[in-house]
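Peer 1: all I have is the shape, not the residue letters:
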């Protein structure tokens, strides 16, 4: 069993940032292994054993090239042939040594487990006891058993001010609200990780209250949120409330100390369709565990169909923020991709060709997914479950569209001086999630066609968020030599513990710097896309955490571990 450890893998070492960029968590024996080096005149590098200082591998640096997002010229050290487990560092004459790193058959198993357990730490409506949460134990907050229907969500059966119960779920990000649009893509991604790489989760012991049952911990954790999502559907008409929220963001207090009234706000087409897609997918996943979750699969499929029917009757009910509400909007005015996603998942759940025709009719191009761009999820779902396609579907087209997405990323990866697919335009709010969603697309294509370049490009994306970046820091709390310590996360700031809750992916560099005024006392060091980041609580634009950013981290860490991990991994080819 793989248990989550709440201690850091390496001690913090903030004295001097190394010039050599490395994956600070480590590498699997069979994986690609790259380091990024300043454009030094030296041509040779050495990878040495930490304990003895003896050389384990020697190699030549690649040619120097410029990476525009950071305005830096770098060279690549490729030591992929080093497969012997151990603890190492990389040395080049004239430069400080790299951070220490490991090569191990289980290098990413603790990371994948901690990234899942982060969701447990963000559970709403329950106390986290010390037996499961350790020093991050906390009192319960937000039972959400007396939520009011906001005027924007009023209906004949539920007029404004009606009290409803909508407990459980995950806090969305650094705040204490819950949003259907973001929950939908998050649960989809977590369940896709389970569907695609079940072996990575079968032995996980997350040490959550449900651990030890005969269902995977990941499915129990996802059910905590799915059960909340079900409560957000109006039983009278199938519509789905957009969010459950206070009127304004809470201060930096613990959940038990945040007492403002909470509301369900406006039904929206985007919420209904995201709900329909994730519930249809979940109905297939939980059908295999009927004994552990009795009646759940049928309930979720019925809910998905009802939400789809509501969206057909309300195809353009765009969410518009009420004047008295100022929390996260998750507004989306382009809905063809949501219709396509819901149709694809309902097709896979029912086998009804009419849903496939609806998916095709939307004409949605596959793109790297995000909360407001979900067409790629539809294509990936169909490609991943080709065994469920009816003869009516064009399997070759589906495979070509998904591999085409990945091919474009591979081209970007190969051209990049930093050997990452990230382009300047990808450095947006949540740029690290862009990197992880790109990696998820690459792993989907690898499952389809088995090409090594897909796998290596995905590895590079994980390397980037774990330290092989121009800031020389890991972006995952609790992991790496130089992780974030001051994420924009109310629990982590208010709990009185110096280190943040572990397993969270920080948003990452964002030249938009929408929080510059809030962070005037500790300004961004640069406006360059890959350098616009500060590890400060004030920085919601670069250092917040969010469930939809963590979900692809779970997927990628688990996918690489499952694909190349273990004591006898497949050889590189």
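Peer 2: Now that the structure is in, tell me what you want to look at. Bear in mind that the values here come from a model prediction, so they are computed numbers and not experimental data. Numbers count the residues shown, from 1 in each chain.
Peer 1: just give the closest residue to residue 180, not the sequence neighbours.
Peer 2: residue 271 (4.2 Å; CB to CB, 6 or more residues apart in numbering). Yep, even glycine has a C-beta here, placed from its N, CA and C like the rest.
Peer 1: mind listing what's buried along stretch 325-344?
Peer 2: Going by neighbour count (16 or more other CB atoms under 10 Å), the buried part of stretch 325-344 is 325, 327-328, 330, 332, 335, 337-344.
Peer 1: where's the dip in pLDDT among the residues you listed?
Peer 2: Across the buried residues of stretch 325-344, the smallest pLDDT goes to residue 332, namely 94.
Peer 1: that one belongs to a helix?
Peer 2: No. Using DSSP: H, G, I helix; E, B strand; the rest coil, the assignment for residue 332 is coil, not a helix.
Peer 1: who are the contact partners of it?
Peer 2: 181, 270, 318-319, 338, 372 (CB atoms under 8 Å, 6 or more residues apart in numbering).
Peer 1: tell me the buried residues within the residues you listed.
Peer 2: Buried, going by 16+ other CB under 10 Å: 181, 270, 319, 338, 372, out of the contacts of residue 332.
Peer 1: which residue comes closest to the second one once chain neighbours are left out?
Peer 2: Distance criterion CB to CB, 6+ apart; nearest residue to residue 270, sequence neighbours excluded, is residue 332 at 4.7 Å.
Peer 1: okay, strands next: where are they in the stretch 351-500 of the chain?
Peer 2: In the stretch 351-500 of the chain, no segments count as strands under DSSP state E, counting those that start in this stretch.
Peer 1: which ones are touching the nearest residue in space to residue 226 that is not next to it in sequence?
Peer 2: Using CB to CB, 6+ apart and skipping residues adjacent in sequence, the residue nearest residue 226 is residue 282, 5.7 Å away. The contact partners of residue 282, taken as CB under 8 Å, 6+ apart, are 187, 191, 222, 226, 297, 300.
Peer 1: and the helix or strand the first one falls within, what does it pack onto?
Peer 2: Put plainly, it is residue 187. Taking DSSP states H and E as the definition, residue 187 sits inside helix 180-196. Applying 3 or more CB pairs under 8 Å, 6 or more residues apart in numbering; DSSP states H and E, we find helix 180-196 packed against helix 199-202, helix 217-231, strand 241-245, helix 269-286, helix 375-384, helix 431-449, helix 547-564.
Peer 1: which element is encountered next along the chain beyond the least confident helix or strand in the chain by mean pLDDT?
Peer 2: Least confident helix or strand of the chain, by mean pLDDT, DSSP states H and E, is strand 2-3 with a mean of 44. Following strand 2-3 in sequence order, the next helix or strand is strand 34-38 (DSSP H and E).
Peer 1: so which elements touch that following strand?
Peer 2: Checking 3+ CB pairs under 8 Å, 6+ apart, strand 34-38 ends up next to strand 72-78.
Peer 1: show me where pLDDT drops low in this structure?
Peer 2: Residues of the chain that meet the criterion pLDDT under 70 lie in 1-17, 566-573.
Peer 1: report the longest helix in it, please.
Peer 2: Of all the segments assigned as helix in the chain under DSSP state H, the longest by residue count is helix 395-415.
Peer 1: how about residues contacting that one?
Peer 2: 366-368, 376, 379-380, 382-383, 386, 389, 419-423, 438, 441-442, 444-446, 448-449, 453-454, 456-457, 460.
Peer 1: reformat the buried residues of stretch 325-344 as JSON lines; add secondary structure and distance to residue 71.
Peer 2: Converted to JSON lines, those look like this (DSSP: H, G, I helix; E, B strand; the rest coil; distance: CB to CB, whole Å):
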{"residue": "325", "secondary structure": "coil", "distance to residue 71": "41"}
{"residue": "327", "secondary structure": "coil", "distance to residue 71": "37"}
{"residue": "328", "secondary structure": "coil", "distance to residue 71": "33"}
{"residue": "330", "secondary structure": "coil", "distance to residue 71": "33"}
{"residue": "332", "secondary structure": "coil", "distance to residue 71": "34"}
{"residue": "335", "secondary structure": "coil", "distance to residue 71": "39"}
{"residue": "337", "secondary structure": "helix", "distance to residue 71": "34"}
{"residue": "338", "secondary structure": "helix", "distance to residue 71": "38"}
{"residue": "339", "secondary structure": "helix", "distance to residue 71": "42"}
{"residue": "340", "secondary structure": "helix", "distance to residue 71": "39"}
{"residue": "341", "secondary structure": "helix", "distance to residue 71": "38"}
{"residue": "342", "secondary structure": "helix", "distance to residue 71": "43"}
{"residue": "343", "secondary structure": "helix", "distance to residue 71": "44"}
{"residue": "344", "secondary structure": "helix", "distance to residue 71": "41"}
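Peer 1: from those residues, pick the one nearest residue 394.
Peer 2: For the buried residues of stretch 325-344, the residue nearest residue 394 by CB to CB is residue 344; the value is 12.8 Å.
Peer 1: hang on, residue 46 is in a strand, isn't it?
Peer 2: Yes. Secondary structure of residue 46 (three-state DSSP): part of a strand.
Peer 1: quick one, what contacts it?
Peer 2: Applying CB under 8 Å, 6+ apart, the residues near residue 46 are 55, 57-58, 90-92.
Peer 1: buried only: go through the contacts of helix 395-415 for me.
Peer 2: For the contacts of helix 395-415, buried by 16+ other CB under 10 Å: 366-368, 376, 379-380, 382-383, 389, 419-423, 438, 441-442, 444-446, 448, 453-454, 456-457, 460.
Peer 1: what's the neighbour count on residue 51?
Peer 2: 9 (other CB atoms under 10 Å).
Peer 1: and it, how far is that from residue 86?
Peer 2: Shown here: residue 51 relative to residue 86, a distance of 8 Å by CB to CB, to the nearest Å.
Peer 1: now the common contact residues for the two.
Peer 2: By CB under 8 Å, 6+ apart, no residue touches both residue 51 and residue 86.
Peer 1: before we move on, back to that, which one (most neighbours) among the contacts of residue 282?
Peer 2: For the contacts of residue 282, neighbours tallied by other CB under 10 Å; top is residue 187, 29 neighbours.
Peer 1: you'd agree that one is up against residue 227?
Peer 2: No. Distance between residue 187 and residue 227: 10.9 Å, which falls outside the contact criterion (CB atoms under 8 Å).
Peer 1: residue 311 contacts residue 274, doesn't it?
Peer 2: No. When contacts are counted by CB under 8 Å, residue 311 is not listed as touching residue 274 (10.0 Å).
Peer 1: higher neighbour count, the two?
Peer 2: Taking other CB under 10 Å, residue 311 and residue 274 do not tie; residue 274 has more neighbours (34 against 28).
Peer 1: excluding chain neighbours, what is closest to that one?
Peer 2: residue 184 (3.1 Å).
Peer 1: ok, the one you found - contacts?
Peer 2: 229, 271, 274-275, 277-278.
Peer 1: distance to residue 42 added to those residues, as CSV?
Peer 2: Formatted as CSV, the contacts of residue 184 follow (distance: CB to CB, whole Å):
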residue, distance to residue 42
229, 55
271, 56
274, 52
275, 56
277, 52
278, 51
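Peer 1: which one among those residues gets closest to residue 241?
Peer 2: Using CB to CB, the contacts of residue 184 come closest to residue 241 at residue 271, 6.7 Å.
Peer 1: contacting residues around the closest one?
Peer 2: By CB under 8 Å, 6+ apart, the neighbours of residue 271 are 180-181, 184, 232, 240-243, 319.
Peer 1: and if we set it to 10 Å?
Peer 2: Residue 271 is in contact with 179-181, 183-184, 229, 232-233, 239-243, 265, 307, 310-311, 317, 319, 330, 332, 338, counting by CB atoms under 10 Å, 6 or more residues apart in numbering.
Peer 1: cool, and residue 73?
Peer 2: 38-40, 64-67, 417.
Peer 1: what distance do you get for it to residue 451?
Peer 2: For residue 73 relative to residue 451 (CB to CB), the value is 30 Å.
Peer 1: same check on residue 269?
Peer 2: Applying CB to CB to residue 269 and residue 451 gives a distance of 38 Å.
Peer 1: no more questions from me, cheers.
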